[in-house]
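1. 3D model of this:
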Amino acid sequence: MKIKILLILSVITVLFVRNTCFNTPPKKHSPSLASILWCASWSHDDRYIAVGGDDGKLIIYETENYQPYKTFTWDSATITNIQWHPDRYLLAMTGYSYKSIPEDSIDRIINIEKENITKLDRYGSRGLDWNSNGTSLALADLEGGVHIYSSDGKLIRSFPSGNPRSLTGISWHPSDTLLAVIGDDIRLISAGGRSILQTNHSSISKLLLSVDWHPSGRYFATADYGHEGEPTYVKFWNLDGQLLKTIPGSLKEIRNIQWNKEGDKLAAVSEALRLIDTLGVIQHTYPYGENLLWGLDWNRDQTKLVVSGFNHLIHVVDKAGNLIRAIKR
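-> Below you'll find the model as predicted:
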(Lines give C-alpha, C1' and ligand atoms only; values in the text may rest on other atoms or scores of the structure.)
Protein backbone atom coordinates (compact mmCIF):
# COMPACT_ATOMS: atom_id res chain seq x y z
CA MET A 1 0.00 0.00 0.00
CA LYS A 2 2.82 2.39 0.91
CA ILE A 3 4.57 1.63 -2.38
CA LYS A 4 1.40 2.46 -4.37
CA ILE A 5 0.96 5.75 -2.50
CA LEU A 6 4.59 6.68 -3.11
CA LEU A 7 4.25 5.87 -6.81
CA ILE A 8 1.12 8.03 -7.11
CA LEU A 9 2.81 10.94 -5.32
CA SER A 10 5.87 10.60 -7.58
CA VAL A 11 3.72 10.76 -10.73
CA ILE A 12 1.84 13.81 -9.43
CA THR A 13 5.11 15.55 -8.59
CA VAL A 14 6.60 14.87 -12.04
CA LEU A 15 3.48 16.12 -13.80
CA PHE A 16 3.38 19.25 -11.66
CA VAL A 17 7.02 20.11 -12.30
CA ARG A 18 6.71 19.39 -16.03
CA ASN A 19 3.66 21.61 -16.30
CA THR A 20 5.17 24.37 -14.21
CA CYS A 21 8.44 24.46 -16.16
CA PHE A 22 7.21 24.09 -19.70
CA ASN A 23 3.47 24.67 -20.15
CA THR A 24 2.78 28.00 -18.46
CA PRO A 25 3.63 31.51 -19.64
CA PRO A 26 6.42 33.35 -17.84
CA LYS A 27 5.39 34.83 -14.53
CA LYS A 28 4.91 38.56 -14.43
CA HIS A 29 8.10 40.26 -13.33
CA SER A 30 8.15 42.17 -10.07
CA PRO A 31 8.15 45.97 -10.39
CA SER A 32 11.91 46.02 -9.77
CA LEU A 33 12.37 43.93 -12.92
CA ALA A 34 9.62 45.55 -14.98
CA SER A 35 12.15 47.34 -17.15
CA ILE A 36 13.31 44.53 -19.43
CA LEU A 37 12.99 45.21 -23.14
CA TRP A 38 12.67 41.71 -24.60
CA CYS A 39 12.85 42.51 -28.30
CA ALA A 40 13.95 45.04 -30.92
CA SER A 41 13.57 45.05 -34.70
CA TRP A 42 14.47 47.26 -37.70
CA SER A 43 11.91 47.84 -40.45
CA HIS A 44 12.80 46.59 -43.94
CA ASP A 45 14.05 50.03 -45.07
CA ASP A 46 15.68 51.02 -41.75
CA ARG A 47 13.14 53.83 -41.35
CA TYR A 48 11.83 52.50 -38.03
CA ILE A 49 12.99 50.58 -35.00
CA ALA A 50 10.36 48.78 -32.90
CA VAL A 51 10.98 47.81 -29.27
CA GLY A 52 8.79 45.93 -26.78
CA GLY A 53 9.08 44.50 -23.28
CA ASP A 54 7.74 44.17 -19.74
CA ASP A 55 6.02 47.54 -19.65
CA GLY A 56 3.43 46.41 -22.21
CA LYS A 57 4.44 49.14 -24.66
CA LEU A 58 5.32 48.60 -28.29
CA ILE A 59 7.11 51.80 -29.32
CA ILE A 60 8.04 52.61 -32.91
CA TYR A 61 11.00 54.99 -33.24
CA GLU A 62 11.91 56.96 -36.36
CA THR A 63 15.59 56.45 -37.09
CA GLU A 64 16.00 59.92 -38.59
CA ASN A 65 15.95 61.37 -35.07
CA TYR A 66 15.39 58.29 -32.87
CA GLN A 67 12.22 59.84 -31.43
CA PRO A 68 8.96 57.90 -30.79
CA TYR A 69 6.70 57.79 -33.83
CA LYS A 70 3.83 55.62 -32.57
CA THR A 71 3.09 53.77 -29.35
CA PHE A 72 0.77 50.81 -28.79
CA THR A 73 0.04 49.87 -25.16
CA TRP A 74 -1.39 46.79 -23.46
CA ASP A 75 -2.06 47.03 -19.71
CA SER A 76 -0.34 44.52 -17.43
CA ALA A 77 1.41 42.85 -20.35
CA THR A 78 4.76 41.62 -21.58
CA ILE A 79 5.73 41.83 -25.25
CA THR A 80 8.06 38.90 -25.87
CA ASN A 81 8.91 39.01 -29.58
CA ILE A 82 8.52 41.30 -32.59
CA GLN A 83 9.53 41.10 -36.24
CA TRP A 84 8.94 43.40 -39.18
CA HIS A 85 7.64 42.08 -42.48
CA PRO A 86 10.44 41.69 -45.11
CA ASP A 87 9.18 44.55 -47.30
CA ARG A 88 6.06 46.13 -45.76
CA TYR A 89 5.23 48.19 -42.69
CA LEU A 90 3.65 45.19 -40.98
CA LEU A 91 4.88 44.24 -37.54
CA ALA A 92 4.23 40.79 -36.03
CA MET A 93 4.38 40.49 -32.24
CA THR A 94 3.82 37.98 -29.46
CA GLY A 95 3.11 38.55 -25.78
CA TYR A 96 0.87 38.04 -22.76
CA SER A 97 -1.64 40.14 -20.88
CA TYR A 98 -1.89 39.42 -17.15
CA LYS A 99 -5.25 41.12 -16.69
CA SER A 100 -7.07 37.83 -17.25
CA ILE A 101 -6.64 34.36 -15.77
CA PRO A 102 -5.39 32.32 -17.55
CA GLU A 103 -3.09 34.84 -19.20
CA ASP A 104 -4.44 36.13 -22.50
CA SER A 105 -2.41 36.16 -25.70
CA ILE A 106 -1.63 39.51 -27.31
CA ASP A 107 -0.19 37.96 -30.49
CA ARG A 108 -0.86 40.45 -33.28
CA ILE A 109 -0.03 41.69 -36.77
CA ILE A 110 -0.03 45.49 -36.82
CA ASN A 111 -0.24 47.60 -39.96
CA ILE A 112 1.74 50.61 -38.77
CA GLU A 113 0.58 52.94 -41.55
CA LYS A 114 -3.14 52.17 -41.19
CA GLU A 115 -2.93 51.32 -37.47
CA ASN A 116 -4.96 48.16 -38.13
CA ILE A 117 -4.39 45.49 -35.47
CA THR A 118 -5.19 41.85 -36.26
CA LYS A 119 -5.36 39.38 -33.38
CA LEU A 120 -3.67 36.02 -33.94
CA ASP A 121 -3.09 32.93 -31.83
CA ARG A 122 -5.31 32.51 -28.78
CA TYR A 123 -2.81 30.21 -27.05
CA GLY A 124 0.04 32.67 -26.61
CA SER A 125 3.40 32.32 -28.31
CA ARG A 126 7.09 33.13 -27.94
CA GLY A 127 8.47 32.14 -31.34
CA LEU A 128 7.59 33.89 -34.60
CA ASP A 129 9.17 34.30 -38.03
CA TRP A 130 8.14 35.56 -41.47
CA ASN A 131 9.11 33.44 -44.47
CA SER A 132 11.58 34.99 -46.90
CA ASN A 133 8.99 36.67 -49.17
CA GLY A 134 6.61 37.66 -46.37
CA THR A 135 3.60 35.67 -47.59
CA SER A 136 3.42 33.61 -44.39
CA LEU A 137 4.06 34.04 -40.69
CA ALA A 138 4.87 31.11 -38.41
CA LEU A 139 4.12 31.12 -34.66
CA ALA A 140 5.29 28.56 -32.10
CA ASP A 141 3.03 28.49 -29.04
CA LEU A 142 3.19 27.56 -25.37
CA GLU A 143 1.30 24.30 -25.84
CA GLY A 144 3.59 22.73 -28.45
CA GLY A 145 1.61 23.95 -31.46
CA VAL A 146 2.73 25.61 -34.69
CA HIS A 147 0.44 28.01 -36.56
CA ILE A 148 0.87 29.39 -40.07
CA TYR A 149 -0.83 32.69 -40.95
CA SER A 150 -1.11 34.74 -44.11
CA SER A 151 0.30 38.28 -44.06
CA ASP A 152 -3.20 39.65 -43.43
CA GLY A 153 -3.60 37.48 -40.33
CA LYS A 154 -5.76 34.65 -41.66
CA LEU A 155 -4.99 31.24 -40.20
CA ILE A 156 -3.78 28.87 -42.92
CA ARG A 157 -3.12 25.80 -40.78
CA SER A 158 -2.21 24.61 -37.30
CA PHE A 159 -0.41 21.42 -36.32
CA PRO A 160 1.38 19.91 -33.32
CA SER A 161 5.15 20.12 -33.25
CA GLY A 162 5.42 16.74 -31.56
CA ASN A 163 6.69 18.40 -28.38
CA PRO A 164 3.74 18.93 -25.99
CA ARG A 165 5.65 21.47 -23.91
CA SER A 166 6.30 25.17 -24.47
CA LEU A 167 8.03 26.18 -27.68
CA THR A 168 10.41 29.13 -27.45
CA GLY A 169 11.53 29.79 -31.02
CA ILE A 170 10.91 29.12 -34.70
CA SER A 171 12.84 29.92 -37.88
CA TRP A 172 11.90 29.56 -41.57
CA HIS A 173 14.47 28.02 -43.88
CA PRO A 174 15.65 30.85 -46.21
CA SER A 175 14.65 29.05 -49.43
CA ASP A 176 12.43 26.13 -48.42
CA THR A 177 9.19 25.41 -46.58
CA LEU A 178 11.15 23.98 -43.66
CA LEU A 179 10.82 25.17 -40.07
CA ALA A 180 13.35 24.80 -37.26
CA VAL A 181 11.38 24.70 -33.99
CA ILE A 182 12.87 24.78 -30.49
CA GLY A 183 11.82 24.30 -26.88
CA ASP A 184 13.63 21.76 -24.76
CA ASP A 185 14.61 19.94 -27.99
CA ILE A 186 15.07 20.66 -31.71
CA ARG A 187 12.58 19.71 -34.40
CA LEU A 188 12.58 20.21 -38.14
CA ILE A 189 9.04 20.31 -39.51
CA SER A 190 7.65 21.11 -42.96
CA ALA A 191 5.31 24.10 -43.19
CA GLY A 192 2.62 21.55 -43.98
CA GLY A 193 3.10 19.88 -40.61
CA ARG A 194 5.19 16.84 -41.58
CA SER A 195 7.76 15.89 -38.92
CA ILE A 196 11.23 15.50 -40.45
CA LEU A 197 13.64 15.40 -37.53
CA GLN A 198 13.82 15.47 -33.73
CA THR A 199 17.04 15.71 -31.76
CA ASN A 200 18.09 16.57 -28.23
CA HIS A 201 20.52 19.44 -27.88
CA SER A 202 21.91 18.46 -24.47
CA SER A 203 22.30 15.49 -22.15
CA ILE A 204 20.46 17.46 -19.45
CA SER A 205 17.11 19.24 -19.54
CA LYS A 206 17.54 22.92 -20.44
CA LEU A 207 15.63 25.30 -22.63
CA LEU A 208 16.76 26.63 -25.94
CA LEU A 209 15.96 30.33 -26.35
CA SER A 210 16.76 31.24 -29.95
CA VAL A 211 17.21 29.63 -33.38
CA ASP A 212 18.26 31.08 -36.74
CA TRP A 213 19.06 29.50 -40.12
CA HIS A 214 22.29 30.46 -41.82
CA PRO A 215 21.44 32.36 -45.07
CA SER A 216 22.88 29.47 -47.09
CA GLY A 217 20.24 27.14 -45.63
CA ARG A 218 22.88 24.45 -45.06
CA TYR A 219 22.82 24.71 -41.27
CA PHE A 220 21.28 26.63 -38.38
CA ALA A 221 22.36 28.00 -35.01
CA THR A 222 20.74 27.64 -31.58
CA ALA A 223 21.34 29.33 -28.23
CA ASP A 224 20.31 28.09 -24.78
CA TYR A 225 19.51 29.10 -21.24
CA GLY A 226 22.25 27.12 -19.54
CA HIS A 227 21.78 24.99 -16.43
CA GLU A 228 23.54 24.12 -13.22
CA GLY A 229 26.54 22.03 -14.17
CA GLU A 230 26.51 23.12 -17.83
CA PRO A 231 27.18 26.60 -19.24
CA THR A 232 25.28 28.37 -21.99
CA TYR A 233 26.20 27.55 -25.57
CA VAL A 234 25.69 28.65 -29.13
CA LYS A 235 25.61 25.55 -31.33
CA PHE A 236 25.61 24.93 -35.10
CA TRP A 237 23.57 22.03 -36.53
CA ASN A 238 23.20 20.56 -40.02
CA LEU A 239 19.97 19.40 -41.65
CA ASP A 240 20.52 15.85 -40.36
CA GLY A 241 20.53 17.10 -36.77
CA GLN A 242 24.27 16.56 -36.38
CA LEU A 243 26.13 18.95 -34.10
CA LEU A 244 28.76 20.89 -36.06
CA LYS A 245 30.08 23.42 -33.52
CA THR A 246 29.74 24.15 -29.81
CA ILE A 247 30.64 27.71 -28.83
CA PRO A 248 31.07 28.54 -25.13
CA GLY A 249 31.94 31.95 -23.71
CA SER A 250 28.68 33.49 -22.50
CA LEU A 251 28.36 34.00 -18.74
CA LYS A 252 24.55 34.30 -18.74
CA GLU A 253 21.71 32.87 -20.79
CA ILE A 254 21.82 33.74 -24.50
CA ARG A 255 18.46 35.29 -25.25
CA ASN A 256 18.85 36.00 -28.94
CA ILE A 257 21.00 35.19 -31.95
CA GLN A 258 20.85 36.39 -35.55
CA TRP A 259 22.94 35.95 -38.69
CA ASN A 260 23.64 38.95 -40.87
CA LYS A 261 22.46 38.70 -44.49
CA GLU A 262 25.93 37.93 -45.81
CA GLY A 263 26.16 35.01 -43.40
CA ASP A 264 29.67 35.81 -42.19
CA LYS A 265 28.67 37.01 -38.70
CA LEU A 266 26.30 35.64 -36.08
CA ALA A 267 25.37 38.19 -33.40
CA ALA A 268 24.51 36.81 -29.93
CA VAL A 269 23.33 38.73 -26.87
CA SER A 270 23.74 37.87 -23.21
CA GLU A 271 25.82 39.82 -20.67
CA ALA A 272 27.68 40.97 -23.79
CA LEU A 273 27.16 41.41 -27.50
CA ARG A 274 29.28 38.83 -29.30
CA LEU A 275 30.03 38.45 -33.01
CA ILE A 276 30.81 34.90 -34.11
CA ASP A 277 32.16 33.78 -37.49
CA THR A 278 31.12 30.73 -39.52
CA LEU A 279 33.90 28.65 -37.96
CA GLY A 280 32.39 29.21 -34.54
CA VAL A 281 35.12 31.62 -33.42
CA ILE A 282 34.07 34.61 -31.30
CA GLN A 283 35.61 37.53 -33.17
CA HIS A 284 34.45 40.35 -30.90
CA THR A 285 32.96 40.69 -27.41
CA TYR A 286 31.36 43.94 -26.20
CA PRO A 287 30.49 43.64 -22.46
CA TYR A 288 27.32 45.15 -21.00
CA GLY A 289 27.83 44.03 -17.38
CA GLU A 290 24.64 43.89 -15.31
CA ASN A 291 22.58 45.28 -18.18
CA LEU A 292 21.79 41.92 -19.74
CA LEU A 293 20.84 42.11 -23.40
CA TRP A 294 17.69 40.36 -24.67
CA GLY A 295 16.70 42.00 -27.97
CA LEU A 296 18.76 42.04 -31.17
CA ASP A 297 18.47 42.87 -34.88
CA TRP A 298 20.75 43.76 -37.79
CA ASN A 299 19.79 46.66 -40.05
CA ARG A 300 19.29 46.27 -43.81
CA ASP A 301 22.85 46.97 -44.99
CA GLN A 302 24.40 45.14 -42.01
CA THR A 303 26.34 48.18 -40.81
CA LYS A 304 24.43 48.55 -37.54
CA LEU A 305 22.67 46.54 -34.85
CA VAL A 306 20.01 47.48 -32.35
CA VAL A 307 20.14 45.78 -28.95
CA SER A 308 17.78 46.05 -25.99
CA GLY A 309 17.69 44.72 -22.46
CA PHE A 310 17.62 45.52 -18.75
CA ASN A 311 16.82 48.98 -17.39
CA HIS A 312 15.08 50.00 -20.62
CA LEU A 313 18.38 49.89 -22.49
CA ILE A 314 18.16 50.51 -26.24
CA HIS A 315 21.45 50.96 -28.10
CA VAL A 316 22.22 51.34 -31.77
CA VAL A 317 25.80 50.22 -32.39
CA ASP A 318 27.98 49.81 -35.45
CA LYS A 319 29.33 46.42 -36.52
CA ALA A 320 32.48 47.12 -34.49
CA GLY A 321 30.34 47.47 -31.36
CA ASN A 322 30.77 51.25 -31.05
CA LEU A 323 27.77 53.11 -29.65
CA ILE A 324 26.01 55.25 -32.25
CA ARG A 325 22.94 56.19 -30.25
CA ALA A 326 21.34 55.43 -26.90
CA ILE A 327 17.58 55.68 -27.42
CA LYS A 328 15.54 57.05 -24.54
CA ARG A 329 12.53 54.91 -23.61
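
2. quick one: the helices in this structure?
-> Remark: helices assigned in the chain by DSSP state H are 2-22.

3. which helix or strand in it has the lowest average pLDDT?
-> In the chain, the helix or strand scored least confidently by mean pLDDT, DSSP states H and E is helix 2-22, which has a mean of 37.

4. show me the contacts for residue 109.
-> With contact taken as CB atoms under 8 Å, 6 or more residues apart in numbering, residue 109 is in contact with 90, 91, 92, 93, 117, 118, 120, 137, 149, 151, 152, 153. Just so you know, the C-beta spots here come from the backbone N, C-alpha and C atoms, and that holds for glycine as well.

5. and these, which is the shakiest by pLDDT?
-> Among the contacts of residue 109, residue 120 carries the lowest pLDDT, at 90.

6. would you check how far apart that one and residue 145 are?
-> Going from residue 120 to residue 145 by CB to CB, to the nearest Å gives 12 Å.

7. of the two, which one has the most company?
-> The residue with more neighbours, out of residue 120 and residue 145, is residue 120; 23 against 18, by other CB atoms under 10 Å.

8. low-confidence stretches in this structure?
-> Across the chain, the ranges flagged by pLDDT under 70 are 1-34, 100-103, 121-123.

9. just checking, residue 137 touches residue 151?
-> Yes - counting by CB atoms under 8 Å, residue 137 does reach residue 151; the two are 6.8 Å apart.

10. compare these two and say which is more crowded by neighbours.
-> The neighbour comparison of residue 137 against residue 151 (other CB under 10 Å) goes to residue 137, with 26 against 20.

11. in contact with the closest residue to the more buried one other than its chain neighbours, which residues?
-> If the residues on either side of it in the chain are set aside, residue 137 comes closest to residue 149, at 4.6 Å by CB to CB, 6 or more residues apart in numbering. Contact criterion CB under 8 Å, 6+ apart gives 109, 120, 136, 137, 138, 139, 155, 156 as the residues in contact with residue 149.

12. residue 149 pairs with what?
-> Beta-bridge partners for residue 149, by DSSP bridges, are residue 137, residue 155.

13. and if you look at residue 304?
-> residue 318.

14. mind checking how far it is from residue 268?
-> As for residue 304, its distance to residue 268 is 17 Å (criterion: CB to CB).

15. quick one: which of these two has more around it?
-> The neighbour comparison of residue 304 against residue 268 (other CB under 10 Å) goes to residue 268, with 27 against 19.

16. the more buried one against residue 253, yeah?
-> No - under the criterion of CB under 8 Å, residue 268 makes no contact with residue 253, lying 10.8 Å away.

17. quick one on the thing from earlier: farthest-separated two in the contacts of residue 109?
-> In the contacts of residue 109, the most distant members under the criterion CB to CB are 93 and 152, with 15.5 Å between them.

18. neighbour count for those two, which is higher?
-> Neighbours of residue 93 and residue 152, each counted by other CB under 10 Å, are more numerous for residue 93; the result is 25 against 11.

19. name all residues that make contact with the closest residue to that one other than its chain neighbours.
-> When the adjacent residues along the chain are set aside, residue 93 lies closest to residue 82, with 4.6 Å between them (CB to CB, 6+ apart). With CB under 8 Å, 6+ apart as the criterion, the residues that contact residue 82 are 39, 40, 41, 50, 51, 52, 58, 91, 92, 93, 94.

20. now do 7 Å
-> Contact analysis of residue 82 by CB atoms under 7 Å, 6 or more residues apart in numbering lists 39, 41, 50, 52, 58, 91, 92, 93.

21. most neighbours, which of those?
-> residue 52 (29 neighbours).

22. picking that back up, any idea how far the residue nearest to residue 137 is from residue 50?
-> Computed with CB to CB, the distance linking residue 149 and residue 50 is 19 Å.
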